[in-house]
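Chemist: Give me coordinates for this.
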Amino acid sequence: MITLTDTPNPESKKFIFDFDIVKSGSKEIKSIEDCKEIRFAEKLFEQVSPELIYIDSNFVTIKKKSSQDWNEIKENILKILSEEINADFKPLSFEKSLEFKDEISQRIEEVLNEKIRPAVAMDGGDIQLKSYKDGVVEVMLKGSCAGCPSSTVTLKQGVERMIKHYVPEVNSVTAVNIE
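Modeler: This is a model prediction of the structure:
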């Protein structure tokens with residue numbers, strides 16, 4: 001069974017499965033060339049042409065093009081997902097995020113893992129630490145968070161405030177991929 005939920009980004013919807021479809025890591029796919037033999041993603045790009053597909057533990061987030069209407073593509077997406085991701089589906093494994101060696105980056109990663117990532121995943125996305133240098137944290141927003149109208153506010157009022165609280169060495173948090 002697939003549960004469909006809205007996300008804070010009106011262009012994205014989250015399709016949740018009642019079993020894990022990813023064993024480790026996550027993946028953001030922006031073109032058919034990025035699908036790397038992920039059959040359901042290839043079919044989605046061939047038939048629906050989404051702007052982005054984000055695959056994580058037990059969900060797939062799909063960001064449609066602004067010119068598309070959810071009412072016109074939703075049933076086709078559900079059909080593809082239910083045909084391709086069923087009881088015979090073997091969970092996918094993707095590369096995990098970067099490993100950080102310095103103590104401050106490790107503390108930032110801990111805050112992301114324990115305090116921020118679960119909330120972001122509920123909205124169909126992810127946040128990944130890209131770097132920390134001289135008090136500035138750079139993160140990458142994935143899935144429904146990428147290009148979400150409220151992502152800048154969430155980043156500054158939620159993510160930055162939380163990281164600064166737990167890691168006082170941090171002065172600011174910026175997203176390297178906010179459109």
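
Chemist: which secondary element of this protein has the worst mean pLDDT?
Modeler: Least confident helix or strand, the chain: helix 151-153 with a mean of 71, by mean pLDDT, DSSP states H and E.

Chemist: Contacts made by it with the rest, please.
Modeler: Helix 151-153 has contacts (Cβ atoms under 8 Å, 6 or more residues apart in numbering) with 9, 141, 145, 175, 178. From N, CA and C alone the C-beta is placed, and that goes for glycine too.

Chemist: Kindly report the same for stretch 27-37.
Modeler: Residues from elsewhere that reach stretch 27-37, judged by Cβ under 8 Å, 6+ apart: 38, 41-42, 45-46, 51-55, 92, 94, 142-143, 146.

Chemist: got any ranges where this protein has weak pLDDT?
Modeler: The model of the chain has pLDDT under 70 over residues 97-98, 147, 149, 178-179.

Chemist: per-domain residue ranges of it.
Modeler: 2-93, 103-175 (automatic domain parsing).

Chemist: Buried deepest among those, which one?
Modeler: When the domains of the chain are scored by mean count of other Cβ atoms under 10 Å, the highest mean neighbour count falls to domain 103-175 (a mean of 18).

Chemist: How far off centre is it?
Modeler: Its chain's average C-alpha position is 13 Å from that of domain 103-175, according to Cα atoms, centre = their mean, to the nearest Å.

Chemist: One more: stretch 167-179?
Modeler: Here stretch 167-179 is found 18 Å from its chain centre; the criterion is Cα atoms, centre = their mean.
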